[in-house]
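Asks: Turn this into a model:
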Amino acid sequence: MTVEPSLDHRATPEPPTQTAATRETLEDYTLRFAPRSYRKWSTGVVAVSALGGIAYLADFAIGANIGISYGTTNALWGIGIFAVVIFATGLPLAYYAARYNIDLDLITRGSGFGYYGSVVTNVIFASFTFIFFALEGSIMAQGLELGLHIPLWLGYAVSTLVIFPLVIYGMKVLSTLQMWTTPLWLVLMVLPFVYLVVSHPDSVSTFFDYRGQNNEGTNVGSMLLAAGVCLSLIAQIAEQIDYLRFMPPKTPENSRRWWTAMLLAGPGWVIFGAIKQVIGLFLAVYLIANVADGASVANEPVHQFLEIYEGFMPGWLAMALAVVLVVISQVKINVTNAYSGSLAWTNSYTRLTRHYPGRLVFLAFNLVIALVLMEANMFDFLNTILGFYANCGMAWIVVVASDIVFNKYLLKLSPKQPEFRRGMLYAVNPVGFVSMAAAAGVSILVFFGGLGDTIKPYSPLVAIGLALVLPPILAVATGGKYYLRRTDDGLDLPMYDDHGNPSGAVLTCHVCRQDYERPDMTACQTHDAAVCSLCLSTDKVSDHVLPAAP
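Replies: Just a heads-up that it's a prediction; the model follows:
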């Protein structure tokens, strides 16, 4: 069939027949390809917005915790391993998101998991968002208790409720928030570190000599245990991608700016994350060595900054700035955690039930889980939670990266262009699904000592190694036949323009009567018309879903 595209790329007026699902997903293209007509931000604005989301102080707490547990040398090696793994695995994912304007769930569907197979990765990602929302909310509550004497239990509630209204309107509000708060956050974060290095140069040698609470010597096991805690952040690339999907089309004119923004805001986030972890450990060691009872609060960022601020400014101002830094940092990251988590839950629920309940329902659901974790005082067993979660996160991210690099580009068994639409994909692709289940399952067994204490510290390597090699092995074994259920979507229009960007041609969905761009559409099985991806997802009787290719 042939459908002529509309030449009008402007925003479409809302017709009377528009559904609630359509109205909400048009706000920030929840569950969808992000069209050109919406992507009006420059590469610089997208990059700063994405990097604004890594303003969290959890890195300071993580750096302090692994240093206190394993000593400075082991912690630094662990942070280095973490940075290399995150950058290498995040690069192909970030490129695909920015190039094809889809989030990580849509990438995962066509990168070895299948239409329903990627639901499990959504649950993994949603878990990441509420775990780190709880961690960041706990840090904010500590700041409110210290500065305003608000009880912790109430601080947990405040740090949760304040986020809800900021996340309702998606990318439009989030980009503005991140742009305006980033400069102040940078100044407040860097000041203590610069002050210590300049006024207390001996703190540098004390830092490098620190051997942790157990007087740890340098050893590979401790390095890998430290790396495992840090690698719990591997799913952060999914939150970066929730911004990167709004990148403008890549053209010869903006190629350099496009690549710079994608690299810095995509895998490059780990550079800033690693620096924050090192600074967090540095400040913790200073408190342990120079402040009475410093060891008891050395892993709490609000105390780290307060103690240093008090060294070069009046106490009242130090307290005010420490609280301001904590609040700004936690708001900046938790709006992203809440937003991304709501997308992940909504996506999974919509596919499994074929009903779209609204993103705000799952925004509330995600925040409630995070609040429960905070009230349960998760901060006290942080290393265990993050170390366990890292095995699941690494298995997912590395499998998708492996599929893109090996199966798409080298073996060419996986289609190079991403596919996410129902009817075009098999329900489950064993290449990614089995690879992730095996990598996560074996590495968790190793993490809990199921294969012996000798190999226990190596669970991160087990997860990474299995997730890296299993996808190409299974792709070859299956001949790549479970990637595409059909190759023709029934529309006689090119999917990409002359520069390889997703086409901006517009078609009208005959179900919801809305205009969408070409990559979001397929032909309808029962009508001589086109249908959008969300209407396909919510089609309870498969009336519009194209049949499998003969």
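Asks: Output the lowest mean pLDDT helix or strand found in the protein.
Replies: helix 20-28 (a mean of 48; mean pLDDT, DSSP states H and E).
Asks: which non-adjacent residue is nearest L466?
Replies: A439 (3.8 Å; C-beta to C-beta, 6 or more residues apart in numbering). C-beta here means a position set from N, CA and C on the backbone, and glycine is covered the same way.
Asks: Low-confidence regions, the stretch 151-300 of the chain specifically.
Replies: The model of the stretch 151-300 of the chain has pLDDT under 70 over residues 167-181.
Asks: need the helices for it, in chain order.
Replies: Assigned by DSSP state H, counting those that start in this stretch, the helices in the stretch 151-300 of the chain fall at 152-161, 164-167, 171-199, 202-209, 220-230, 236-244, 255-265, 269-290.
Asks: Any buried residues in the fourth one, and which?
Replies: Think helix 202-209. Neighbour counts over helix 202-209 (16 or more other C-beta atoms under 10 Å) mark 203, 206-207 as buried.
Asks: what about the helices in the stretch 301-450 of the chain?
Replies: Here the stretch 301-450 of the chain has its helices, by DSSP H, counting those that start in this stretch, at 301-309, 315-353, 359-375, 382-402, 430-447.
Asks: Among the ones you listed, which comes closest to L154?
Replies: Judged by C-beta to C-beta, the one of the helices of the stretch 301-450 of the chain that comes nearest to L154 is helix 359-375, at 10.6 Å.
Asks: Could you list the buried residues of that closest one?
Replies: Buried positions in helix 359-375, judged by neighbour count with 16+ other C-beta under 10 Å: 359, 362-363, 365-367, 369-371, 373-374.
Asks: these two touch, right, D105 and S340?
Replies: No. With contact defined as C-beta atoms under 8 Å, D105 does not count as touching S340 (10.2 Å).
Asks: Please enumerate the shared neighbours of these two.
Replies: F125 (C-beta atoms under 8 Å, 6 or more residues apart in numbering).
Asks: who has more neighbours, the two?
Replies: More neighbours surround S340 than the other of D105 and S340, with 29 against 23 (other C-beta atoms under 10 Å).
Asks: Quick one: residues contacting that one.
Replies: Going by C-beta under 8 Å, 6+ apart, S340 touches 125, 129, 238-239, 242.
Asks: one step back: and of the buried residues of helix 202-209, the nearest to S443?
Replies: Out of the buried residues of helix 202-209, the member with the shortest distance to S443 (by C-beta to C-beta) is F207, at 31.5 Å.
Asks: Isn't the closest one up against I279?
Replies: No. In this structure F207 lies outside contact range of I279 using C-beta under 8 Å: 10.4 Å.
Asks: Just the buried positions in stretch 324-336, please.
Replies: 325-336.
Asks: Sort those by pLDDT and name the bottom one.
Replies: Among those, K332 carries the weakest pLDDT, at 72.
Asks: nearest spatial neighbour of that one, skipping sequence neighbours?
Replies: Closest to K332 by C-beta to C-beta, 6+ apart is A55, at 4.0 Å.
Asks: so who does the one you found touch?
Replies: 181-182, 185, 328-329, 332-333.
Asks: try 6 Å this time
Replies: 185, 329, 332-333 (C-beta atoms under 6 Å, 6 or more residues apart in numbering).
Asks: what do you get for E375?
Replies: Y156.
Asks: What separation do you get for it and V335?
Replies: E375 is 21 Å from V335, where distance means C-beta to C-beta, to the nearest Å.
Asks: now swap in L264 and tell me
Replies: Using C-beta to C-beta, we find L264 at a distance of 20 Å from V335.
Asks: Equivalent analysis for T350, please.
Replies: Taken as C-beta to C-beta, the span from T350 to V335 is 22 Å.
Asks: Out of the buried residues of helix 359-375, the closest to A529 would be?
Replies: R359 (27.3 Å).
Asks: Who's the closest spatial neighbour of L461, skipping the chain neighbours?
Replies: L224 (6.6 Å).
Asks: got it, and M319?
Replies: Nearest to M319 is G147, by C-beta to C-beta, 6+ apart, at 5.4 Å.
Asks: Checking that neighbour next. Helix, strand or coil?
Replies: Secondary structure for G147, judged by DSSP: H, G, I helix; E, B strand; the rest coil, is helix.
Asks: so how many other residues sit close to it?
Replies: 18.
Asks: Ok, A292 next?
Replies: A292: 7 neighbours (other C-beta under 10 Å).
Asks: Need phi/psi at it.
Replies: The phi and psi values for A292, taken as degrees, to the nearest 10, are phi -60, psi 130.
Asks: Tell me how far V361 lies from T160.
Replies: For V361, the distance to T160 - C-beta to C-beta - is 16 Å.
Asks: ok so, going back, kindly state the pLDDT recorded for the residue nearest to M319?
Replies: 80.
Asks: The one 3 residues further on now?
Replies: The predicted local distance difference test score for I150 is 89.
Asks: Next: A467.
Replies: 96.
Asks: tell me the contacts of it?
Replies: Contacts of A467 by C-beta under 6 Å, 6+ apart are 395, 398-399, 439.
Asks: Tell me who's in contact with the closest residue to K408 other than its chain neighbours.
Replies: Sequence neighbours aside, S414 is the residue nearest to K408 in space, at 4.5 Å (criterion: C-beta to C-beta, 6+ apart). Contacts for S414 (C-beta under 6 Å, 6+ apart) come out as 403, 407-408, 483.
Asks: I'd like the residues you listed written out as a markdown table, with neighbour count, distance to R422 and pLDDT added.
Replies: Rendered in a markdown table, the data for those read as follows (neighbours: other C-beta atoms under 10 Å; distance: C-beta to C-beta, whole Å; pLDDT from 0 to 100):
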| residue | neighbour count | distance to R422 | pLDDT |
| --- | --- | --- | --- |
| D403 | 31 | 20 | 97 |
| N407 | 25 | 22 | 97 |
| K408 | 24 | 21 | 96 |
| Y483 | 27 | 15 | 96 |
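Asks: what's the closest of the residues you listed to M313?
Replies: Nearest to M313 among the contacts of S414, with distances taken as C-beta to C-beta, is D403, at 51.7 Å.
Asks: so the closest one touches S111, yeah?
Replies: Yes. With contact defined as C-beta atoms under 6 Å, D403 reaches S111; the gap is 4.3 Å.
Asks: Next, count neighbours for G480.
Replies: 20.
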